[in-house]
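>>> give the three-dimensional model of this entry:
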Amino acid sequence: MALNFTTFFTKFGHAVYSAKNLLQNTGPDQDTVIQSFVNDFDSESLDVKNSIDGLIPNFRQSQAQARQAVSNIIVTPMRSFLTQEVREDLGKSVSFNEAMTEFLDQLDASGNSVESSTVSSSVTAGGANTGDGELFISTKFYDGTESQLLIDEDLLLTCTTVNQDGSRTFTGKGDEAYAKLDGNYPGGTGRNYSITPYRLDNSNVSNLLTSANFSTADTYATTQPANWLAYDADATGSLTDYVTQDIEITNSPTGGYYNIVLYEKGGTKQLVSENISYAANGDSVQASLRKLPGYSQVTVTSTGTSPNYTHTITFVGVEYAYAAVVREFLTGGGGSPYSVVSALIPSGDFRTAGRSLKITGNGTEQTDYYQKITVEKNTVYFAHALIKETTAITTGTLALSLIDSPGGTVLQDLQGNNNTSSVTLSTLSAGWNHFGVFFRTSDDLPESVYLRLNCPTAIDASGVLCIDSVRMLPAAQFYSGGPYYCMFEGDTNFELDDTFTISVNNDYTGELQQWFDRIYDVRNFRRQLPHSGTPTYADTLITAS
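Got it, this is the predicted structure:
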């Protein structure tokens, strides 16, 4: 058997018509009428004013009673009606929750739909922002359809906290919310929001990927990153070398010490090593530098003979490589100065851990990298990478995709949309660029799932692209039925009073959809009615019986 949706939505339309009319006296227009009446008596005597002081509170009480009456007359019977329809169809007793699930499952399978509302969204970074991080949002449901349950409001998020550990917090509050049977409904979300941007060092990211910052090379293919399958990258893909710097001790000092000065992120605050003996070998210099915060993985190798060593510092695991300087207190020997410091020696660019993945274009190879991941069904994920052209790129694209196997098929969401997105590399701005994409898994996942990072269009022979800090994680959601989001810090940290404005728009023209949520609370089932611009059941069903 199958549910008779024509009968159901015909009766549902009549119920909505009745509810709308019964709630007319609970809407904001009535508040205006009453307040206008009260204002007419502002100049009257105290006795007269006292006689009407209770008008608005009394009216509020009558509005609440009206809403309860609508719930008793419309909501309760309509919930019982849906449950009874499903019970009769299945031939067994079911709860309201079970009935709702069965109803929605059958409706999805039937191909029937209700009218769509028009929805849209945008994110605007504050014009005076210090930080260049980015906030991404998506208004699509987990199944790939546009969410019809978005709340129309503008939300201002402001950086209100800068913590000692370097993390930031953005906070904001939605517009006033109203009960679903209030005449002012829906208003805003009424929620307090607090968002901590994901940090580039992955310290607060539950990343589904490993070796996401490309700091470690593969054991057998040392030019390629560990835990990534370089499926087609032999001619173009490689890891950048770690940045190095040489410090040469000269003129044969016979005593004294020196300090090596490095820098915290930002390049302004000095970090001074402990006193290093004039004849210290590479192991000793390395031990001293690893005591500095942020430099615990640096390595030092030395050539030459004591005390005239040349120490090569390799900046492993650092977020930025700032040129070291030497403060020397060396004595004896043949002259001054006793130290010579080279400039930094880079082989590419990086952002988080001392090196990056580099694609040197040759005009033909569509460089592919894969990593196997574990994902859940019917879930929204977000993948993100920092990308930077270090030599101008005129041709080429970079894509992130969910794939069933290396060289295999792109996975689709429940609407048949491919889980892939690409960026045209010739459009990149200077510095590091954010590249992000939302993925939506279906209820039929293959045995294996891979994240693919590749160039669907090959990079031209003169272009060079660096990729750093690739992340994939479940996307957060502002509220049930609302937008999904992810926020990431950028090359420059956010500071107090940096802002983002999120504009979510819903014209609520799909009234059957909106009222189905008001009566059945469908958003709490993580569902919505299938909808279309050419629906099976139009809003014209909202009419008197």
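>>> residues contacting the residue lying closest to Thr509 once chain neighbours are set aside?
For Thr509, ignoring the flanking residues on the chain, the nearest one in space by Cβ to Cβ, 6 or more residues apart in numbering is Ser117 at 5.0 Å. Just so you know, the C-beta spots here come from the backbone N, C-alpha and C atoms, and that holds for glycine as well. Going by Cβ atoms under 8 Å, 6 or more residues apart in numbering, Ser117 touches 148, 506-510, 513-514, 531.
>>> part of a helix, is Ser336?
No - with DSSP: H, G, I helix; E, B strand; the rest coil as the criterion, Ser336 is located in coil rather than a helix.
>>> distance of Val272 from Val261?
5 Å (Cβ to Cβ, to the nearest Å).
>>> what does Thr223 give?
33 Å.
>>> contacts for the strand or helix carrying Thr158 next, please.
Assigned by DSSP states H and E, Thr158 falls within strand 153-162. Strand 153-162 is contacted from outside by 131, 135, 168-172, 174-175, 187-189, 193, 195, 494-504, using Cβ under 8 Å, 6+ apart.
>>> what's the PyMOL line that selects buried ones from these?
Listed next is the PyMOL selection for buried residues among those, using 16 or more other Cβ atoms under 10 Å:
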select buried, resi 131+135+168+169+170+172+174+175+187+188+189+193+195+494+498+499+500+501+502+504
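>>> pull the contacting residues for the closest residue to Leu512 other than its chain neighbours.
Distances taken as Cβ to Cβ, 6+ apart put Val114 closest to Leu512, at 4.3 Å, once the chain neighbours are dropped. Counting by Cβ under 8 Å, 6+ apart, Val114 touches 9, 510, 512-513, 516, 529-532, 535-539.
>>> mind listing what's buried along the longest helix anywhere in the chain?
Ranked by residue count, the top helix of the chain under DSSP state H comes out as helix 5-22. Under the neighbour-count criterion of 16+ other Cβ under 10 Å, helix 5-22 has 5, 8-9, 11-20, 22 buried.
>>> double-check that Arg452 belongs to a strand.
Yes - counting by three-state DSSP, Arg452 is located in a strand.
>>> just use 57 as the starting number from now, easier for me
Done: numbering now begins at 57, and the last item shifts to Arg508.
>>> so what's it bridging to?
Tyr426, Ser457 (DSSP bridges).
>>> Tyr334 versus that one, what's the distance?
Noted for Arg508: a distance of 53 Å to Tyr334, by Cβ to Cβ.
>>> do the same with Ser601
In terms of Cβ to Cβ, Ser601 sits 98 Å off from Tyr334.
>>> okay, these two: which has more neighbours?
More neighbours surround Tyr334 than the other of Ser601 and Tyr334, with 22 against 9 (other Cβ atoms under 10 Å).
>>> how long is stretch 574-587 end to end?
One end of stretch 574-587 to the other measures 17 Å (Cα to Cα, to the nearest Å).
>>> I meant stretch 493-513, not that one.
Taking Cα to Cα, stretch 493-513 runs 18 Å from one end to the other.
>>> buried sites along that stretch?
493-498, 501, 505-511.
>>> ok, those vs Gly546, which is closest?
Among the buried residues of stretch 493-513, Val493 lies closest to Gly546 (Cβ to Cβ), at 17.3 Å.
>>> how about the closest one: what's its closest non-neighbour residue?
According to Cβ to Cβ, 6+ apart, the nearest residue to Val493 is Ser477 (3.7 Å).
>>> show me what the host helix or strand of the one you found is packed up against.
With elements taken from DSSP H and E, the one containing Ser477 is strand 476-480. Where contact means 3 or more Cβ pairs under 8 Å, 6 or more residues apart in numbering; DSSP states H and E, strand 476-480 is packed against strand 453-459, strand 489-496.
>>> sorry, back to before: common neighbours of Val328 and Val317, please.
Common contacts of Val328 and Val317, defined by Cβ under 8 Å, 6+ apart, comprise Arg383.
>>> out of the two, which sits in the busier spot?
Val317 (16 against 11).
>>> now do the contacts for the more buried one.
326-329, 380-383.
>>> contacting residues around the closest residue to it other than its chain neighbours?
Nearest non-adjacent residue to Val317, counting by Cβ to Cβ, 6+ apart: Val381, 4.8 Å away. By Cβ under 8 Å, 6+ apart, the contact list for Val381 reads 316-317, 397.
>>> quick one: contacts of the helix or strand encompassing Thr359?
According to DSSP H and E, Thr359 maps onto strand 355-361. For strand 355-361, contacts defined as Cβ under 8 Å, 6+ apart pick out 304-305, 337-339, 341-342, 345, 365-370, 372.
>>> so where do the strands sit in the stretch 57-206 of the chain?
170-171, 175-181, 190-194 (DSSP state E, counting those that start in this stretch).
>>> next, the residue most central in space within the chain: secondary structure please.
When Cα atoms, centre = their mean is applied to the chain, the residue found nearest the centroid is Cys542 (1.2 Å). For Cys542, the assignment made with three-state DSSP gives strand.
>>> repeat for Ser482
helix.
>>> in a strand, Leu529, correct?
Yes - checked against three-state DSSP, Leu529 lies within a strand.
>>> that one and Tyr437 touch, don't they?
Yes - contact status for Leu529 versus Tyr437: in contact at 6.8 Å, counting by Cβ atoms under 8 Å.
>>> shared neighbours of these two, which are they?
Shared contacts of Leu529 and Tyr437, counting by Cβ under 8 Å, 6+ apart, come down to Leu264.
>>> who's more crowded, these two?
The neighbour count for Leu529 versus Tyr437, taken as other Cβ under 10 Å, is higher for Tyr437 (22 against 17).
>>> before we move on, back to that, so which of the buried residues of stretch 493-513 is the closest to Val578?
Arg496 (19.0 Å).
>>> contact partners for that closest one?
Going by Cβ under 8 Å, 6+ apart, the list of residues near Arg496 reads 196, 198-200, 435-437, 469-470, 473, 475.
>>> just checking, Gly312 touches Tyr334?
Yes - counting by Cβ under 8 Å, Tyr334 is a contact partner of Gly312 at 5.1 Å.
>>> ok, Asp460 to Ser536 distance?
30 Å.
>>> with Val354 instead?
For Val354, the distance to Ser536 - Cβ to Cβ - is 47 Å.
>>> these two: who's more crowded?
Set Val354 next to Ser536 and count neighbours by other Cβ under 10 Å: Val354 wins out with 22 against 14.
>>> list the contacts of that one.
Val354 makes contacts with 342, 345-346, 369-374, as judged by Cβ under 8 Å, 6+ apart.
>>> tell me where the stretch 307-456 of the chain has helices.
338-345 (DSSP state H, counting those that start in this stretch).
>>> before we move on, the earlier item: any idea which of the buried residues of stretch 493-513 is closest to Val142?
For these, the residue nearest Val142 by Cβ to Cβ is Ser498; the value is 25.3 Å.
>>> buried sites along stretch 580-595?
Using 16+ other Cβ under 10 Å as the test for burial, stretch 580-595 gives 583-588, 591-595.
>>> who does Ser194 bridge with?
Beta-bridge partners for Ser194, by DSSP bridges, are Tyr540.
>>> look up the closest residue to Asp577, ignoring the ones flanking it.
Among residues not flanking Asp577 along the chain, Lys236 sits closest, at 7.7 Å (Cβ to Cβ, 6+ apart).
>>> what about Ser294, helix or strand, and which?
Here Ser294 is assigned to strand 293-295, by DSSP H and E.
>>> got the phi/psi numbers for Trp571?
In terms of degrees, to the nearest 10, the main-chain angles of Trp571 are phi -70, psi -30.
>>> isn't it up against Ala75?
Yes - using Cβ under 8 Å, Trp571 makes contact with Ala75 at a distance of 7.2 Å.
>>> residue contacts, the residue nearest to Val493?
Shown in contact with Ser477 (Cβ under 8 Å, 6+ apart): 455-457, 493.
>>> Leu206 is in contact with Lys196, correct?
No - look at Lys196 against Leu206 with Cβ under 8 Å: they stay out of range, at 10.5 Å.
>>> with that, I have no additional questions.
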